[in-house]
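**Q** need the 3D shape of this:
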Amino acid sequence: MQNHSFPCYGTIQGTILIIGYGSIGQGMLPIIKRHFNYDRICIIDPVEEGPNDPDIKFEKIGLSVDNYKGILDRIFGEKKGFCVNVSVQTSSKDILVYCQSKDILYIDTVVEEWEGFYSNSESPLG
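**A** Numbers count the residues shown, from 1 in each chain. Predicted coordinates:
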């Protein structure tokens with residue numbers, strides 16, 4: 001899809017996945033829609049409600065150390081895409097490594113760990 005009234009900064013083939021739909025995800029969505037050509041946008045978030053937009057696929061689901069590979073495999077399939085991680089309590093490192101192995105573009109707002117890492121004093125720091 002494309003919006004011709006704004007400059008286009010690139011074309012993303014495959015799915016653009018936005019992980020997290022809090023304030024940052026909600027702010028990123030119109031920018032992505034306005035300035036990129038893309039095939040499809042999917043958003044996942046375990047808490048927030050999705051956008052009221054029939055062109056956006058939304059799933060109320062969260063990623064965990066046990067399910068993230070299966071969920072990302074299902075969303076991206078065999079195609080390349082772009083993963084925009086604006087969530088909390090999802091391992092930036094694990095998702096980045098996954099995306100690199102599948103040749104999927106990746107961007108993140110911060111380096112995060114899986115849920116419980118910061119509050120678990122027994123977790124190693126490395």
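
**Q** do I have it right that Cys42 meets Ile56?
**A** Yes: using Cβ atoms under 8 Å, Cys42 is in contact with Ile56, at 7.4 Å. Placement of C-beta: from N, CA and C, glycine included.

**Q** in this protein, where's the longest helix?
**A** helix 23-35 (DSSP state H).

**Q** contacts for that helix next, please.
**A** 1, 3, 6-9, 16, 18-19, 21, 38, 41, 43, 45, 48, 51, 56, 84, 86-87, 109 (Cβ atoms under 8 Å, 6 or more residues apart in numbering).

**Q** quick check: Ile18 is in a strand.
**A** Yes: Ile18: assigned to a strand according to DSSP: H, G, I helix; E, B strand; the rest coil.

**Q** this structure: helices as residue ranges?
**A** Ranges of helices in the chain, per DSSP H, are 23-35, 68-76, 92-102.

**Q** put together a markdown table for those, with distance to Gly62 and mean pLDDT on each row.
**A** Converted to a markdown table, the helices of the chain look like this (distance: least, Cβ to Cβ, whole Å; pLDDT from 0 to 100):
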| stretch | distance to Gly62 | mean pLDDT |
| --- | --- | --- |
| helix 23-35 | 13 | 94 |
| helix 68-76 | 9 | 97 |
| helix 92-102 | 13 | 95 |
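
**Q** show me which of the contacts of helix 23-35 are buried.
**A** In those, burial by neighbour count holds for 16, 18-19, 21, 38, 41, 43, 45, 48, 51, 56, 84, 86-87, counting by 16 or more other Cβ atoms under 10 Å.

**Q** least confident pick among the residues you listed?
**A** Least confident by pLDDT among the buried ones among the contacts of helix 23-35: that is Glu48, with 89.

**Q** so it sits against Ile19, correct?
**A** No: shown here, Glu48 and Ile19 do not form a contact pair, counting by Cβ under 8 Å, at 11.5 Å.

**Q** burial count for Arg74?
**A** Other residues within reach of Arg74, judged by other Cβ atoms under 10 Å, total 10.

**Q** ah, wrong one, I meant Gly70
**A** 10.

**Q** roughly how far does it sit from Ser64?
**A** Note on Gly70: its distance to Ser64, by Cβ to Cβ, to the nearest Å, is 10 Å.
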